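Student: predicted model and sequence follow; I will ask about them next.
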Amino acid sequence: MQHIGIFGGTFDPVHWGHLLVAQTALSQVPLKKVIWVPSLNPPHKKTVVWQNRWEMLQLATKENPAFTVSPVETKRSGISYAINTLIDLSSCYADTHWYWIVGLDTFKTLPRWYRGHELVLMCDWLIAPRLLGGETIAESELICKQVEQQFQGQSLTIDWQLLNIPLVEISSSLIRKLCHDSQSIRYLVPESVRSYIITHNLYSVDTSHP
Ligand code: ATP
């Protein structure tokens, strides 16, 4: 049986925080590979066009042979739900144990995901600490347990583990804001991604709100 991670997101744009999370999952589980899945029509966010996000992900991940970027979400119309992504990927990879990689801020919303009760049974959850709600690092585990309890209330067992990773307070919205304000994003994103953003004049209009 092979162990593969899925890292879904808008990646608008991909930044060093994402890359560190994916690499940590690779090392700490360990995984055979991480499949990055840029969301086509995310339920809660407006994004720049998919093609730009796809190109930036290609640039950011190309040096790591254990990273793959998947166009799986372009094969479906409508809103891009995680459950459909996992079903579609499962049909391409036989005999696989799946891990969904996620930041703590996103994991907290899992009980409200479309068909989330099915999704939690189909994969394990690798959670990167991320404290956007003013919590402390010590509270990360407690927050995960609260999510676990919500599923236990529906007689569902969720397998999760917190990744051991330093907090990196980079977000795509920060990068979009800096670009809009004509500030430098050097060292927040890979250099190839920075060049792409400049060349294509992305984020010059205000899209800093997630
Ligand atoms: P935005 O600022 O637009 O909301 P984002 O930085 O959260 O974007 P996404 O592409 O939405 O980026 O995130 C994809 C996944 O990566 C989510 O599960 C998110 O929680 C996680 N993530 C993003 N940045 C970090 C970070 N710095 N540390 C830990 N997890 C992160």
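Tutor: On my side now, so go ahead.
Student: how far away is the residue in the chain that the ligand sits nearest to from S91?
Tutor: Nearest to the ligand in the chain, going by Cβ to the nearest ligand atom, is G103, at a distance of 2.1 Å. Heads up, the C-betas are built off the backbone N, CA and C, glycines and all. For G103, the distance to S91 equals 27 Å [Cβ to Cβ, to the nearest Å].
Student: can you get me a residue count around I175?
Tutor: A total of 25 residues lie near I175 under the criterion other Cβ atoms under 10 Å.
Student: that one is in contact with Y203, isn't it?
Tutor: Yes: with contact defined as Cβ atoms under 8 Å, I175 counts as touching Y203 (7.3 Å).
Student: so what's in contact with the two at the same time?
Tutor: By Cβ atoms under 8 Å, 6 or more residues apart in numbering, I175 and Y203 have these common neighbours: P13.
Student: spell out which parts of this structure neighbour the ligand.
Tutor: Counting by Cβ under 6 Å from any ligand atom, the residues of the chain close to the ligand are 9-12, 17-18, 21, 102-103, 105-106, 128, 130, 168, 170-173, 210.
Student: all strands for this structure, in order.
Tutor: 2-9, 33-38, 67-69, 96-103, 124-128, 160-162 (DSSP state E).
Student: could those strands go into TSV alongside mean pLDDT?
Tutor: Output for the strands of the chain, formatted as TSV (pLDDT from 0 to 100):
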stretch	mean pLDDT
strand 2-9	98
strand 33-38	98
strand 67-69	98
strand 96-103	98
strand 124-128	97
strand 160-162	97
